[in-house]
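Peer 1: One predicted model, sequence on top.
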Amino acid sequence: MRAFSQLLDDLVYTRSRNTKLKLIGDYLKETPDPDRGFALAALTGTLDIPHVKPAAIRGLVEERIDPTLFYMSRDYVGDTAETISLLWPKREDEPSEVDDATIRISDAIERLRLASKMDAPRVLSGMLDHLDASGRFALLKLALGELRVGINARLAKQSLAQAFGLEVETVEEVWHGLTPPFTELFEWAEGRGAQPTARDVPVFRPFMLAHPLDDTRVSLEDYAAEWKWDGIRVQLVHAGGETRLYSRTGDDISGSFPDIAEQFRDAGVLDGELLVRGEAQGSGLGVESAASFNALQQRLGRKNVSQKMLSAYPAFVRLYDVLFDGDEDLRELVWEKRRVRLESFAARLDPERFDISQLIEAQSFEELEDLRLNARDVAIEGIMLKRRDSPYVAGRRTGLWYKWKRDPLTADCVLMYAQRGSGKRSSYYSDYTFGCWTEEGELLPVGKAYFGFTDDELKWLDRWIRSHSVQRFGPVREVEKSLVLEVAFDSIHKSRRHKSGLAMRFPRISRIRIDKPANEADQLAALRAMVT
């Protein structure tokens, strides 16, 4: 447990990606089974301890720690596990059930998994009583499944691949067919076993990604152009009689879109964009209808989807590519041949749920640029350029695929509220709520952003907020309505959930406008004119 706790500390205090890769890799090589497998599950977000949930943790905290002290401390520290580990009162008078120097991750996980829903909090508190602060921190991170140490699942898999001389794409190929503690994976990595097979299992394959086009110009004879749709990238997989729908990060989202999963019954793997049907979107560009991302968002993340929701927001997939047709791996074929195979595959599918992303006919880059600019009023993010002779390869490969996104929209907004961040930003006010003026002169919130600024700008904003606060609400400060922020965003939509009636997509701070008076910030009418 101490080694895992030390790993978490080291990951928090380094910003270097290469150092993080080495730290995780060294830990995985030096730690025995099954501990390293459970640690890897925690690092990739695949560890599940069913009877230890945040609500149970909060119940323990309120029994053992003064709630006011805890919540005030949590606001300052910015991390629940770290706060509990520092405040937890040890009971030295009770016999020790565990030794904080020798307890293994696998032992702790087994105890918690075997405990009933009623007993799990008691088992957890018993271990917390006899661990030091470092051990408590590691145990709580495992139990909560919220590491927040500056890594993601891809980086953890990259660390494994680098440490054992594997290709990360190959690791991704077999990943979804395995479960913690990944014994087969480590046997293969160390040369003690065969590569795990994904046959007859609907596993996730890494997506092929694109580089930003920037100032690059390519020949339209060598590259095909198609629309980049404003939904979420998904992978459809049918194998062994089962269908799964994966997001770009490899998360299984089949439960949120049963209408799609139920209609994909042909063995194979397809790449596409998940969208919702809409009215009159895309007319004039020769493309089929699709609603804005705001419509799709109504269905994202739902575990249970009602019939009313299915009817109000009918989902479909706009197909981009084919990876497998039955058992045949097509990824080595050039794009032009895969496109022919995709059209053949799509002809077998329900046209209400699946269609193909149309190619754009343009004679020159200038004509293509005009089409890209005119795509502002439809559910399109921009244009994709795909080399006609490119295979389907995982990750970003220079010169194969380019994305040419439309320019972001911007608005001058007034800072209204600021909230402390989490983790490394827990000492700074880094989450900003901003608004625009109504015609009557009232300031209403239109969005919230927590990135887009530099470290120096964050420090400047934090100082400004502290010296211009007018009220405090726990970790939130209301500030004087005098600082203008230029906010960039991809699109804006109508929303019933916000008082302003608007919701921005991907808002980020692009500039601090100390030169502009707050009364000259944009009005809501200007934002409504941008609604798609």
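Peer 2: Structure's in. What do you need? Numbers count the residues shown, from 1 in each chain.

Peer 1: you'd agree residue 109 is up against residue 50?
Peer 2: No - in this structure, residue 109 is not within contact of residue 50 by Cβ atoms under 8 Å, at 11.5 Å. C-beta: built from backbone N, CA, C; applies to glycine.

Peer 1: Could you name the specific helix or strand carrying residue 73?
Peer 2: Element membership for residue 73 (DSSP states H and E) is helix 67-77.

Peer 1: ok, and what's touching whichever strand or helix holds residue 527?
Peer 2: According to DSSP H and E, residue 527 maps onto helix 524-528. Applying Cβ atoms under 8 Å, 6 or more residues apart in numbering, the external contacts of helix 524-528 come out as 411, 436, 437, 438, 439, 444, 446, 492, 500, 501, 502.

Peer 1: Likewise for stretch 251-261?
Peer 2: Against stretch 251-261 from outside (Cβ under 8 Å, 6+ apart): 176, 234, 236, 243-247, 274, 299-303, 305, 310, 314-317, 353.

Peer 1: Is there a quick ChimeraX command that grabs whichever of those residues are buried?
Peer 2: Buried members of these, defined by 16 or more other Cβ atoms under 10 Å, are picked up in ChimeraX with:
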select :176,234,236,243,244,245,246,247,274,299,305,314,315,316,317,353
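
Peer 1: and the contacts of stretch 251-261, which of them are in strands?
Peer 2: 234, 236, 243, 244, 245, 246, 247, 274, 315, 316, 317 (DSSP state E).

Peer 1: pLDDT of stretch 39-59, averaged?
Peer 2: Mean pLDDT, computed over stretch 39-59, is 87.

Peer 1: swap in stretch 257-264?
Peer 2: 95.

Peer 1: Same question for it: list its buried residues.
Peer 2: 257, 259, 260, 261, 263, 264.

Peer 1: Could I get the CA-only coordinates of that stretch as CSV?
Peer 2: What follows is stretch 257-264, C-alpha atoms only, in CSV (Å, rounded to 0.1, in the frame of the first residue of the first chain):
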residue,chain,number,x,y,z
PHE,A,257,-28.2,4.4,-26.7
PRO,A,258,-30.1,1.1,-26.9
ASP,A,259,-31.9,2.2,-30.0
ILE,A,260,-28.5,2.2,-31.8
ALA,A,261,-27.1,-1.0,-30.3
GLU,A,262,-30.2,-3.0,-31.0
GLN,A,263,-30.1,-2.1,-34.7
PHE,A,264,-26.5,-3.0,-35.3
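
Peer 1: I'd guessed residue 264 sits against residue 345; true?
Peer 2: No - assessed by Cβ under 8 Å, residue 264 is found out of contact with residue 345, at 10.6 Å.

Peer 1: what's the overlap in contacts for these two?
Peer 2: Joint contacts of residue 264 and residue 345 (Cβ under 8 Å, 6+ apart) are residue 270.

Peer 1: For residue 75, give me its contacts.
Peer 2: Residue 75 neighbours (Cβ under 8 Å, 6+ apart): 420, 474, 475.

Peer 1: among those, which ones are buried?
Peer 2: By 16+ other Cβ under 10 Å, these give 420, 475 as buried.

Peer 1: Could you pick out the one among the contacts of residue 75 with the lowest pLDDT?
Peer 2: Lowest in pLDDT among the contacts of residue 75 is residue 474, which has 75.

Peer 1: Leaving out chain neighbours, which residue sits closest to it?
Peer 2: Closest residue to residue 474 apart from its sequence neighbours, by Cβ to Cβ, 6 or more residues apart in numbering: residue 75 at 6.0 Å.

Peer 1: Distance of the one you found relative to residue 429?
Peer 2: 11 Å (Cβ to Cβ, to the nearest Å).

Peer 1: if I look at the two, which residues touch both of them?
Peer 2: Common neighbours of residue 75 and residue 429 (Cβ under 8 Å, 6+ apart) are residue 420.

Peer 1: ok, residue 109 and residue 50, which is more surrounded?
Peer 2: Neighbours per residue, other Cβ atoms under 10 Å: of residue 109 and residue 50, the larger number sits with residue 109, 24 against 10.

Peer 1: Setting the sequence-adjacent residues aside, check what's closest to the more buried one.
Peer 2: Per Cβ to Cβ, 6+ apart, closest to residue 109 is residue 38, 5.4 Å.

Peer 1: Quick check on that neighbour: phi, psi?
Peer 2: phi -70, psi -40 (degrees, to the nearest 10).

Peer 1: Residue 156 versus that one, what's the distance?
Peer 2: 13 Å.

Peer 1: Strands along the stretch 201-350 of the chain, start to end?
Peer 2: Assigned by DSSP state E, counting those that start in this stretch, the stretch 201-350 of the chain shows strands spanning 208-209, 211-212, 223-229, 232-239, 242-247, 268-276, 315-325, 328-329.
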